[in-house]
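Participant: Quick one: sequence plus predicted model below, questions after.
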Amino acid sequence: MELFANQVLAGIATGAIYACMALAVVMIYQAIDHLNFAQGEMAMFSTFISWQLMQWGVPYWGSFVLTVGFSFVAGIAIERLLFKPLAKAPILTNVAGFIALYAIINSVAGLIWDFTIKQYPTPFGSSPFLGSQLISTHQAGMIGVTILLLILLFIFFRFTRMGLAMRAAASLPESARLVGINTSWMIALGWGMAAAIGSIAGMLIAPVVFLEPNMMLGVLIYGFAAAVLGGLTSPLGAVVGGFLVGVFENLVGTYIPGVGNELKLPIALALIVTVLVVKPAGLFGRPIVKRV
Amino acid sequence: MSAAEEVVTEAPAVEAVPKRAMTLGYGTSLVVLAALILTPLFVKNFIIFQMTMVLIYGLAVLALNILTGGSGQFSLGQSAFYAVGAYTSAILMEHANINYALTLPVAGIICFAFGFLFGQPALRLSGVYLALATFALATAMPQLLKLGYFEHWTGGVQGLVVTKPDAPFGLPLSQDMWLYYFTLAITIGIYIASVNLLRSRSGRAFMAIRDNEIAASAMGIDVSLYKTLAFGVSAGITGVAGGLGAIAVQFVAPDGYTITLAISLFLGMVVGGVGWLPGSIVGSAFIIFVPNMAESISKGLSGAVFGVLLFLVIFLVPHGARQVALVAQQLAAKLKKN
């Protein structure tokens, strides 16, 4: 029982990261109907920035805030420069664009900071949380920061003018434009927020997976799985999906023999394919209806 | 979210390419063929090896081209099929001592089956979803290959070493040169078969599905059959390429078939021009030589160079090498007139 509770809690902790990644993916998907294959690499790059800042002597939380700000601006810049001109292009071109971005960021990070694995500090420490052996303080911190982030996002989208405008631009762009919303900038804002959320996910998971240019690949695949499970059209679904996938991953790894660390990615693959085949809209998404 | 769905018939995911624009003219083909046959006689063994790799990746890009340019489906997971083909050949050669040439059809058939089966769930996916599923497949593949369970066959993380075949019948050719001509023969065979496939009834069915799925099914085309068939054919050709790749490189290991390979093949297709079969060779030459050049400038830069060039292609010549070829053709015609 102890093992079960331990694994569930650990699953919720990693699930928090998947939830952030899924949320970032969903935000961009909502804005432009494309999956951002470079989301993980963007987060990785942000994490490296924060690491570099800390190397230069900036305290953890200072670099945290600076990195989130940098990621926000960088996300907007990427959208303005590279993806706005592709808005009307076929899907293939967009996929190619994301793949190109993936390759560039991965390679540049390797070039600047090389491919050796680096330690990344945690501000929460790794002692047992509240004296219990179930989770560490870092895992508890991961869950806490994620929940705080989700609450802030909820408040932003539910109670602010800007949040309302972004939701309008995502659900009915034409009508949103008619009531005077600058939908083009709403998309850029969505990119910025997605990049910022991704950077938080990267900084939180880095102490666990260690810092290196390929660190986010597995996380991204699980983030995709979470987004697909929750429904690509639903931010709430992405979050729930993230936690579910995190717990699922840990339980499968613990209780099904032969599935250790080495099968983690195939499990994510199986999950993605199963959800897409059985319930393509996901748990909370709306089914896509086509009129001919 | 509003209840009002206003999705009209979507624009096709891949731009339509007219059937005639998919191949080269007769004369041009002969010139290219002659160049491919004669060049190895004058260059060093290492360059012959690289040319062999160009042909092999060319086949893989061609396969992707049939899938994407032909039937309008995406795949970021070609590296998975390539890996299965390579491992099939390597295992058959090293464990069962089967002749290398005979392992290729087996690799093709196994990959055809694998692709056909993967195409079943992929049927329900289109556009970005399919890209996502295949992306996950490509990332998962190296882990599957490393699995302790199959280690006896696959050699686990270590991989397998493959012996390079000698030229048969005592032909006075070096191993590299023999392998080059062997690959060239297979490439030409598959190229001709692919061109004919796209010109046939099945090819027209692929293209109808690519341009408008609903209209295609209204015309009586069995959409699910042809979509999975396209996946199968594409995977089969990629498998043969993978088998050839294993023989040429003399080595298979899980880390040779990561998502990077899938990205390279995808990039090769975009650079060569989606739906333009001769472009496959251009694209594959690009993905083999450009990283080398980039590495000579600075180590580890190849990804960035790839990415930047890919963006340039997307923005400046969205139809890749096909567009360049067309412009060249028009220029030549103009010069003739003057």
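Facilitator: Nice, I can see it.
Participant: for the chain, which spans come out with low pLDDT?
Facilitator: Let's take chain A. For chain A, applying pLDDT under 70 flags the ranges A:126-134, A:258-262, A:288-292.
Participant: should've been chain B
Facilitator: B:1-25, B:126-127, B:148-150, B:167, B:170, B:298-300, B:338.
Participant: By proximity to chain A, which residue of it wins?
Facilitator: Closest contact between chain B and chain A, by C-beta to the nearest C-beta, is at B:G303 (2.7 Å). To be clear about C-beta, it is placed using only N, CA and C from the backbone, and glycine gets the same treatment.
Participant: Tell me if I'm right that that residue and A:F115 touch.
Facilitator: No - B:G303 lies out of contact with A:F115 (C-beta atoms under 8 Å); the separation is 11.5 Å.
Participant: So those two - more neighbours on which side?
Facilitator: Using other C-beta atoms under 10 Å in any protein chain shown as the criterion, B:G303 and A:F115 rank with B:G303 on top: 24 against 11.
Participant: which secondary structure element contains the more buried one?
Facilitator: Using DSSP states H and E, the element containing B:G303 is helix B:302-316.
Participant: That helix - contacts with which helices or strands?
Facilitator: helix A:91-113, helix B:259-272, helix B:279-297 (3 or more C-beta pairs under 8 Å, 6 or more residues apart in numbering or on different chains; DSSP states H and E).
Participant: looking at those, which is buried most?
Facilitator: helix B:259-272 (a mean of 27; mean count of other C-beta atoms under 10 Å in any protein chain shown).
Participant: does any bit of that one sit next to chain A?
Facilitator: Yes - residues of helix B:259-272 are located near chain A by C-beta under 8 Å from any C-beta of the partner chain, namely B:259, B:263, B:266-267, B:270.
Participant: thinking again about what came up before, quick check: chain neighbours aside, which residue is closest to the residue of chain B closest to chain A?
Facilitator: A:S107 (2.7 Å; C-beta to C-beta, 6 or more residues apart in numbering or on different chains).
Participant: for B:L145, same thing?
Facilitator: B:P254 is the one closest to B:L145 (C-beta to C-beta, 6+ apart), at 4.0 Å.
Participant: So the residue in the stretch 1-150 of chain A positioned nearest to chain B versus B:D255, what's the distance?
Facilitator: Nearest residue of the stretch 1-150 of chain A to chain B (C-beta to the nearest C-beta) works out as A:S107 at 2.7 Å. Using C-beta to C-beta, to the nearest Å, one obtains 17 Å as the distance from A:S107 to B:D255.
Participant: now do B:L326
Facilitator: When B:L326 is compared with B:D255 (using C-beta to C-beta), they lie 39 Å apart.
Participant: which one of the two has more residues nearby?
Facilitator: Taking neighbours as other C-beta under 10 Å, B:L326 and B:D255 compare with B:L326 leading, 14 against 11.
Participant: Next, please give the residue ranges for the strands of chain B.
Facilitator: B:160-161, B:251-252 (DSSP state E).
Participant: Report the contact partners of the closest residue to B:A131 other than its chain neighbours.
Facilitator: Excluding its sequence neighbours, the residue lying closest to B:A131 (C-beta to C-beta, 6+ apart) is B:F74, at 4.4 Å. With contact taken as C-beta atoms under 8 Å, 6 or more residues apart in numbering or on different chains, B:F74 is in contact with A:91-92, A:95, B:13, B:67-68, B:127-128, B:130-131, B:134.
Participant: will you turn the residues you listed into TSV that also has distance to B:R201?
Facilitator: Output for the contacts of B:F74, formatted as TSV (distance: C-beta to C-beta, whole Å):
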residue	distance to B:R201
A:I91	27
A:L92	25
A:V95	29
B:A13	23
B:L67	18
B:T68	20
B:G127	26
B:V128	30
B:L130	24
B:A131	28
B:T134	27
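Participant: from those residues, which would you call buried?
Facilitator: Using 16 or more other C-beta atoms under 10 Å in any protein chain shown as the burial test, the contacts of B:F74 include A:91-92, A:95, B:13, B:67-68, B:127-128, B:130-131, B:134 as buried.
Participant: Of the residues you listed, which is the nearest to B:S296?
Facilitator: Among the buried ones among the contacts of B:F74, A:V95 lies closest to B:S296 (C-beta to C-beta), at 29.5 Å.
Participant: Hmm, B:V128 and that closest one touching each other?
Facilitator: Yes - counting by C-beta under 8 Å, B:V128 is a contact partner of A:V95 at 7.1 Å.
Participant: Quick check: neighbours shared by these two?
Facilitator: A:34, B:74.
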